[in-house]
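In: give me the fold of what follows.
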Amino acid sequence: MFLQARSVIGTARDGLHPTEKVPLKRFVALALLVLVLAAAAYGLIVVKWSYSTGERAGWVQKFSRKGWVCKTWEGELAMVAMPGATPEKFYFTVWDDAVAARINQAMGERVSLHYEQKVGLPGSCFGETDYWVNDVKVVGEPQVPGMAPAPSPAPSSAPAPSN
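Out: Residues are numbered from 1 along each chain as shown. Here you go, the predicted structure:
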């Protein structure tokens with residue numbers, strides 16, 4: 001009888017039957033779970049899906065590892081269509097450390113970068129650009145029609161000076 005009286009007093013205070021509170025808590029928990037799962041699914045889809053893919057050729061003139069929390073390699077490729085023309089800059093991001101090491105080895109040489117464009121990424125933790133480079137190839141100097149290729153320096157047969 002004491003328990004029944006206490007139960008009646010408890011329901012009279014808040015005006016709800018004790019079982020009516022549980023579905024509200026479940027609804028809030030379920031809504032939060034759905035939001036978290038939807039955000040995770042969106043992030044996974046955006047990272048795996050590419051808006052476009054392609055290649056850009058030029059000289060890597062700037063390449064560094066950046067970021068406060070999420071460290072990514074950020075670079076700048078100078079693309080020149082014709083000798084003497086103003087170069088166009090292509091900004092890119094590299095996630096793979098092996099590709100970053102190959103780009104660092106090819107600094108100063110003309111390279112071709114294969115990239116995937118990722119759009120809709122939330123925040124800057126995924127990199128500063130939408131262009132993710134996933135492969136690099138060293139390519140020769142471009143051939144301009146009507147111009148002879150630059151001569152390569154002849155190997156020196158003189159002995160190296162000693163100190």
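In: can you pull out the helices in the protein?
Out: Secondary structure of the chain by DSSP state H: the helices cover 2-14, 21-48, 97-105.
In: using TSV, please lay out these together with mean neighbour count and distance to Val138.
Out: C-beta: built from backbone N, CA, C; applies to glycine. As requested, the helices of the chain are exported to TSV (neighbours: other C-beta atoms under 10 Å; distance: least, C-beta to C-beta, whole Å):
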stretch	mean neighbour count	distance to Val138
helix 2-14	9	74
helix 21-48	11	28
helix 97-105	14	9
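In: rank these by pLDDT, which is bottom?
Out: Per-stretch averages of pLDDT across the helices of the chain put helix 2-14 at the bottom, with a mean of 51.
In: okay, the angle between the longest strand seen in the chain and helix 97-105?
Out: With DSSP state E setting the assignment, residue counts place strand 52-66 as the longest strand in the chain. Comparing the axes of strand 52-66 and helix 97-105 via axes from the mean of the first three to the mean of the last three C-alpha atoms, to 10 degrees yields an angle of 80 degrees.
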